[in-house]
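A.B. asks: how does the following fold in three dimensions:
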Amino acid sequence: MHSTARILALLAGLSTASAFAQVDLSDQYLPMFMPLPAEAAAAGNELTEAKINLGRQLFYETRISKGGKMSCNSCHILEKYGNDNLPFSPGHEGKLGGRSSPSVYNAALHIAQFWDGRAPSVEEQAKGPVLNPVEMGAPDEAFVVKVLKSMPGYVEAFKAAFPGEADPVNYNNFGKAVGAFERKLLTPGKWDAYLKGNKEALTAEEKKGFSIFVKTGCVTCHNGVGVGGMMYQKLGLIKAWPDLKDNGRADISKNVGEKGFFKVPSLRNITETYPYLHDGSVKTLDEMVKKMAEHQLGKTLSDEETASIITFLKSLKGELPADYIKAPKLPESTADTPKA
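C.D. replies: Numbers count the residues shown, from 1 in each chain. As a prediction, the model looks like this:
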């Protein structure tokens, strides 16, 4: 079996179509990918049933937002593959955020969270939008904790999720609970069956699309368990991206060399998570595939090659965990439940 480094070296050396024809791409490059695990485990956040159940409630909870109408699910709609299919998501006052909302499915397996990677984990990411003045608009952590403590149902749920803690209802535990829930938001599908050895899981057309996907060079960035999500890359690596105004990761790292760098998106469920890019500026997958080839790899794809790659990308659509994501019953408000 080839190591990832060996395969990348092989990929770099295959510069002609005839050279690629000599390689069984359906097998040769599979070690660069991994099937989804049962859960995205984290050493510092044990995934207990009580914690996951609490996280599910908090994911759907609107009362911690300003105006009481926004929840995590407002922008990351679980029944729509964790996406709202808008270029920018409206917040509690209808104002739009500055970047497109990425899907929460399989996100816990990524190198980091947000387009610029500013949160190292889903636990940390979960705490950001609640306090963002444009998004959920909660004034501060203390307000969120006060709301949750006002409802006996949440007090008991936090005690069950974080046993032995003197004051379990706190903002860090809010993040841990939501993170625990998100760590099992996984969407296995036919691609995973194929990676596990079922060669009949993909059609001949899908295998051909994978071959062209590799030949084109997409695999250089889109690999691993998420078929992406595991590195940062410059948008417009080979050919400058037109009208790029977002500094990307450079605003976080303060490294001018990372200007225009973003986390490489996962291609899992990519057919469902349009529009594309950090600014939602690309509406169709056809346009996205062609632009990626042109600007990231310096290649021009034919309509036939593009269609074949898209056939493969469709095979990356997984199954939603319908029972797991059902909206739960939330604790009842009390007379002293505060509103922002």
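A.B. asks: list the contacts of T284.
C.D. replies: Applying CB atoms under 8 Å, 6 or more residues apart in numbering to T284 gives the contacts Y274. Yep, even glycine has a C-beta here, placed from its N, CA and C like the rest.
A.B. asks: go again with 10 Å.
C.D. replies: Y274, P275, Y276, K290, I310 (CB atoms under 10 Å, 6 or more residues apart in numbering).
A.B. asks: hang on, the last one packs against C218?
C.D. replies: Spelled out, that is I310. No: counting by CB atoms under 10 Å, I310 stays clear of C218, with 11.6 Å between them.
A.B. asks: helices of this protein, residue ranges please.
C.D. replies: Using DSSP state H, the helices found in the chain span residues 4-13, 17-21, 25-28, 49-59, 72-75, 122-131, 141-149, 152-161, 171-182, 190-195, 204-216, 250-253, 285-297, 303-314.
A.B. asks: settle it for me: which of I310 and C218 has more neighbours?
C.D. replies: C218 (24 against 18; other CB atoms under 10 Å).
A.B. asks: give the contact list for that one.
C.D. replies: 210, 212, 227-228, 267, 289, 292-293, 296-297, 299, 309, 312-313 are the contacts of C218 under CB under 10 Å, 6+ apart.
A.B. asks: circling back: spell out which residues are contacts of both of I310 and C218.
C.D. replies: Each of V289 lies in contact with both I310 and C218 under the rule CB under 10 Å, 6+ apart.
A.B. asks: quick one: residues contacting the residue nearest in space to the middle of the chain.
C.D. replies: By CA atoms, centre = their mean, the chain has its centre lying nearest to A107, at 3.7 Å. Counting by CB under 10 Å, 6+ apart, A107 makes contact with 40, 76, 82, 113-114, 121-122, 125, 182-183, 185-186, 226, 229, 266, 268.
A.B. asks: so how far is V134 from it?
C.D. replies: Per CB to CB, to the nearest Å, A107 is found 21 Å from V134.
A.B. asks: repeat for T216
C.D. replies: For T216, the distance to V134 - CB to CB - is 37 Å.
A.B. asks: looking only at neighbour counts, state which of these two leads.
C.D. replies: T216 (21 against 17).
A.B. asks: tell me the contacts of the more buried one?
C.D. replies: The contact partners of T216, by CB under 10 Å, 6+ apart, come to F20, V289, M292, A293, Q296, L297, K299, L301, E305, T306, S308, I309.
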